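> Could you look at this predicted model? Sequence included:
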Amino acid sequence: MTTPTERDLRLLRTAVDLSRSCPPSSTAFSVGALIVAADGTVLADGYSRRDDPHDHAEEVALRAVAAEDPRLAAATLYSSLEPCSTRASRPRSCTSLILDTPIPRIVFAWREPELFVDCRGAELLRAAGREVVEVPELAPLVRQVNAHLLRRA
Ligand SMILES: Nc1c(N[C@@H]2O[C@H](COP(=O)(O)O)[C@@H](O)[C@H]2O)[nH]c(=O)[nH]c1=O
């Protein structure tokens, strides 16, 4: 497994902090995401339900970067949760939206528990040749943000 850098840890913590701004939900995770260029410039950020009740964090961030932005080819997408691979409320998963871009690297903290759907985001992204860095040491922070959902399980 690829080891996260100090910068990865800092930016992933920022993604977790963003997730604290999510409008509350008793049926969906609160997630934060950032897209960061190779030189450290934050190209976009997002959090679940930011502009619409069905918004996912990665989706909000991806929407804010032009598809032809050349910086995407060396960018990293940070998400506090593993990108989803199946959606209930929209046709395209965050994994497939990421695969529409050239973003080569995805860093996330918490592998999605089988609470709502069986998530295969990390596996699908890796199978498509993207580098996927999982940072389980920051997962407790994400579980804390979503503690009310885990109590239901
Ligand atoms: N909120 C959220 C995720 N939540 C996940 O999305 C799936 C359900 O999709 P839907 O019912 O359409 O919202 C399910 O796996 C749920 O845990 N995933 C993400 O990548 N990013 C997000 O911001």
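Now that the structure is in, tell me what you want to look at.

> tell me which residues in the lengthiest helix in the chain are buried?
The longest helix of the chain (DSSP state H) is helix 6-19. For helix 6-19, burial by neighbour count (16 or more other C-beta atoms under 10 Å) applies to 8, 11-16, 18-19. (C-beta placed from N, C-alpha, C; glycine too.)

> ok, so of those, who is nearest Y47?
The shortest approach to Y47 among the buried residues of helix 6-19 belongs to L18, at 4.7 Å (C-beta to C-beta).

> who's in contact with that closest one?
With contacts defined as C-beta atoms under 8 Å, 6 or more residues apart in numbering, the neighbours of L18 are 32-34, 45-47, 57, 80.

> which other residues reach the helix or strand of the chain with the lowest mean pLDDT?
Scoring the helices and strands of the chain by mean pLDDT, DSSP states H and E places helix 147-150 at the bottom, with a mean of 93. Here helix 147-150 makes contact (C-beta under 8 Å, 6+ apart) with 26-27, 29, 113, 115, 143.

> Same question for stretch 39-56.
When contacts are defined by C-beta under 8 Å, 6+ apart, stretch 39-56 is touched by residues 7, 14-15, 18-19, 21-23, 25, 28-37, 57-65, 69, 71-72, 75, 84, 87, 89-90, 94.
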